[in-house]
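K.L.:
Attaching a predicted model along with its sequence, questions to come.
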Amino acid sequence: MQSDDFKDSLRAKAEARHTPDPGRKKEMSDEAVRNLLEELQIHQIELEIQNEELRNAQKVMEENRDRYFSLFENAPVGYVILDPAGMVKQFNTAFADMLQIHAAKKTGLVFADLLSREDAAVFRARFAALFKNPAGKQIKATVRMADGTRRHVQMAAASHMQKQRHDSSDDSELLLMVTDITELTRARQDLETALDESRTREQEIQGLLKGARAVLELETFEATARNVFDICSALIGATSGYVALLSDDGSENEVLFLESGGLPCDVDTELPMPIRGLRQVAYEECRAVYDNEFMDSQWQQYMPEGHVRLDNVLFAPLIIHGNVVGLIGMANKEGGFVDNDATIALGFAELAAVALQNSRHADKKDIAEKANRKLIAELQESLANVKQLSGLLPICAHCKKIRDDQGYWEQLESYLNRHSEVQFSHGICQDCMKKHYPEFCGGDHGGGAS
């Protein structure tokens, strides 16, 4: 292609010859005319070559344009081009399919209007800085579909074109590469939910194990019940509550302790707590029950004056051999109770029931052990008394009376009766018969009577 200097030269020559000068033509020699004609012919050839090169360049530009358009239009990610005002100038098929936008809507679109309300406000606030320096910037947002659903996208920004118009206005464009990350976001959310649930289950298991250790380390039932209640309430998030046992006649609760959670409470815990209201449901149905609108429920009428305010309540029964013997009551959880809270409370109520049963067994064992110790002492004392008969007995040489430990003399029969199980039957030996009753003796033979 010709240089600018040569073009200027041609232009000067053309302008000089634009107005024919007959006088000058007469002055030109034939050789000068031939030279000029040759120059014009050469210039004509150069123009033809230049035109051919321009056609080839135009063909290459068209091919590059078609290639760019194909890459832009058929890219697997969404492409959208914005002007400095944030208006959509062009977008590809992937972006149209992603947002369910029809071709008729390609003009007059404001990109921020395609986003959710929250993300649109953020995008508008950051757009000027993003347009000015887009390199390396990424934005996550939620777009609104034509059918009203929403999808999560990630946008990477880059400068698309930057040229200066003749009127000194900026013709820059911003290219946004939009990737649908809805499934990835949903998978990440599912994973985070699963991890949260796993951590929650781990905390619940740790709490139950801690409660089980409290039962195994049983000192008194009251102390164990308080420990179990504290673990359960911390795990669930309740701030108030109590543990109560069913009275012997089965008509009321007997409160072991009451946790007000820092709220004012003027009710005497020694007052009877009849089995009624929601507590009665837990007793009769042997299941955990809760109410998150307690102050507006029918159960509120049973609350005595001065009671702790109860925004929500949960009752879990203590069950032994199929019978409800008490309750764990919890209240005032922020956000209210859920079914899982009832399940957890029921598990801790079972631990408390085991602790109560163990405590009662321990009491019975202590009573039995005391009875056994008393019986053993009595047997040992009796054995000691029996052994006295095998020792040295002080006996009168004449009347055969025996002297006891207090120094009194008593008949041999009486002494042996008191210190053994010996029974006496009286008779007369042959020698005493001859001595005292000779008239009944005949010859040398004697007889005995009983």
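P.N.:
Cool, the structure landed. Numbers count the residues shown, from 1 in each chain.
K.L.:
Show me where the stretch 51-200 of the chain has its strands.
P.N.:
Per DSSP state E, counting those that start in this stretch, the stretch 51-200 of the chain carries strands over the ranges 78-82, 88-91, 138-144, 150-161, 173-180.
K.L.:
Just to be sure, Cys399 is in a strand?
P.N.:
No. Counting by DSSP: H, G, I helix; E, B strand; the rest coil, Cys399 is not found in a strand; it is coil.
K.L.:
what's across from Glu254 in the sheet?
P.N.:
Leu245 (DSSP bridges).
K.L.:
mind checking how far it is from Thr193?
P.N.:
Distance of Glu254 to Thr193, given as C-beta to C-beta, to the nearest Å: 43 Å. Bear in mind the C-beta positions are built from the backbone N, C-alpha and C, glycine included.
K.L.:
cool, and Leu82?
P.N.:
Distance from Leu82 to Thr193, counting by C-beta to C-beta: 35 Å.
K.L.:
neighbour count winner among these two?
P.N.:
For Leu82 versus Thr193, neighbours defined as other C-beta atoms under 10 Å are more numerous around Leu82 (25 against 10).
K.L.:
so what's the more buried one closest to, chain neighbours aside?
P.N.:
Computed as C-beta to C-beta, 6 or more residues apart in numbering, the closest residue to Leu82 that is not its neighbour in sequence is Leu174, at 4.5 Å.
K.L.:
Same list (the strands of the stretch 51-200 of the chain) but as a markdown table, adding distance to Asn372 and mean pLDDT.
P.N.:
Formatted as a markdown table, the strands of the stretch 51-200 of the chain follow (distance: least, C-beta to C-beta, whole Å; pLDDT from 0 to 100):
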| stretch | distance to Asn372 | mean pLDDT |
| --- | --- | --- |
| strand 78-82 | 87 | 90 |
| strand 88-91 | 93 | 88 |
| strand 138-144 | 76 | 90 |
| strand 150-161 | 74 | 87 |
| strand 173-180 | 79 | 91 |
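K.L.:
mind giving me the domain split of the protein?
P.N.:
Using automatic domain parsing, the domain parsing of the chain gives 4-71, 75-163+170-180, 196-363.
K.L.:
so which of the ones you listed is the most packed in?
P.N.:
Sort the domains of the chain by mean neighbour count, taking mean count of other C-beta atoms under 10 Å, and domain 196-363 sits at the top with a mean of 17.
K.L.:
rewinding a little: Ala156 is in contact with the residue nearest to Leu82, correct?
P.N.:
No. The pair Leu174 / Ala156 is not scored as a contact, 11.2 Å apart, by C-beta atoms under 8 Å.
K.L.:
Show me the shaky parts of the stretch 51-200 of the chain.
P.N.:
By pLDDT under 70, the weakly predicted segments of the stretch 51-200 of the chain are 102-107, 161-170.
K.L.:
could you pull out the helices for this protein?
P.N.:
Secondary structure of the chain (DSSP state H): helices located at 4-17, 22-27, 30-74, 93-99, 117-132, 182-216, 221-236, 277-285, 339-388, 412-419, 430-436.
K.L.:
do you know which of those lies nearest Val308?
P.N.:
Val308 lies closest, by C-beta to C-beta, to one member of the helices of the chain: helix 221-236, at 13.8 Å.
K.L.:
Format the CA atom coordinates belonging to stretch 234-253 as PDB.
P.N.:
Output of stretch 234-253 as PDB, limited to C-alpha atoms (Å, rounded to 0.1, in the frame of the first residue of the first chain):
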ATOM      1  CA  ALA A 234     -28.700 -25.600  76.800                       C
ATOM      2  CA  LEU A 235     -28.900 -28.000  73.800                       C
ATOM      3  CA  ILE A 236     -32.500 -26.900  72.900                       C
ATOM      4  CA  GLY A 237     -32.100 -23.200  73.700                       C
ATOM      5  CA  ALA A 238     -34.800 -23.000  76.400                       C
ATOM      6  CA  THR A 239     -34.100 -20.400  79.100                       C
ATOM      7  CA  SER A 240     -36.800 -21.400  81.700                       C
ATOM      8  CA  GLY A 241     -38.300 -24.600  83.100                       C
ATOM      9  CA  TYR A 242     -38.500 -27.100  85.900                       C
ATOM     10  CA  VAL A 243     -38.500 -30.800  86.800                       C
ATOM     11  CA  ALA A 244     -41.400 -32.100  88.800                       C
ATOM     12  CA  LEU A 245     -42.600 -35.600  90.000                       C
ATOM     13  CA  LEU A 246     -46.100 -36.900  90.300                       C
ATOM     14  CA  SER A 247     -47.400 -36.900  93.800                       C
ATOM     15  CA  ASP A 248     -48.200 -40.200  95.600                       C
ATOM     16  CA  ASP A 249     -52.000 -39.800  95.000                       C
ATOM     17  CA  GLY A 250     -51.300 -38.800  91.300                       C
ATOM     18  CA  SER A 251     -53.200 -35.500  91.500                       C
ATOM     19  CA  GLU A 252     -50.500 -32.900  91.100                       C
ATOM     20  CA  ASN A 253     -46.800 -32.200  90.300                       C
END
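K.L.:
For it, the averaged confidence score.
P.N.:
The average pLDDT within stretch 234-253 is 88.
K.L.:
Likewise for stretch 327-343?
P.N.:
Computed over stretch 327-343, the average pLDDT equals 93.
K.L.:
mind checking the end-to-end distance for it?
P.N.:
Taking C-alpha to C-alpha, to the nearest Å, the first and last residues of stretch 327-343 lie 14 Å apart.
K.L.:
from the middle of its chain, how far away would that stretch be?
P.N.:
Distance of stretch 327-343 from its chain centroid, counting by C-alpha atoms, centre = their mean, to the nearest Å, is 15 Å.
K.L.:
With stretch 322-332 instead?
P.N.:
For stretch 322-332 - counting by C-alpha atoms, centre = their mean - the centre lies 24 Å from the chain centre.
K.L.:
Does Thr185 touch His152 like I think?
P.N.:
Yes. In this structure, Thr185 is within contact of His152 by C-beta under 8 Å, at 4.2 Å.
K.L.:
follow-up on the earlier one: arrange the helices of the chain in a markdown table, one row each, with distance to Val308 as further columns.
P.N.:
Output for the helices of the chain, formatted as a markdown table (distance: least, C-beta to C-beta, whole Å):
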| stretch | distance to Val308 |
| --- | --- |
| helix 4-17 | 95 |
| helix 22-27 | 120 |
| helix 30-74 | 68 |
| helix 93-99 | 54 |
| helix 117-132 | 40 |
| helix 182-216 | 24 |
| helix 221-236 | 14 |
| helix 277-285 | 15 |
| helix 339-388 | 18 |
| helix 412-419 | 68 |
| helix 430-436 | 94 |
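K.L.:
Which one of those helices lies nearest to Gly329?
P.N.:
helix 277-285 (7.5 Å).
K.L.:
who's in contact with that closest one?
P.N.:
Residues outside helix 277-285 that contact it (C-beta atoms under 8 Å, 6 or more residues apart in numbering): 246, 253, 273, 275, 288-289, 291, 294, 297-299, 302, 313, 315-317, 324, 327, 329.
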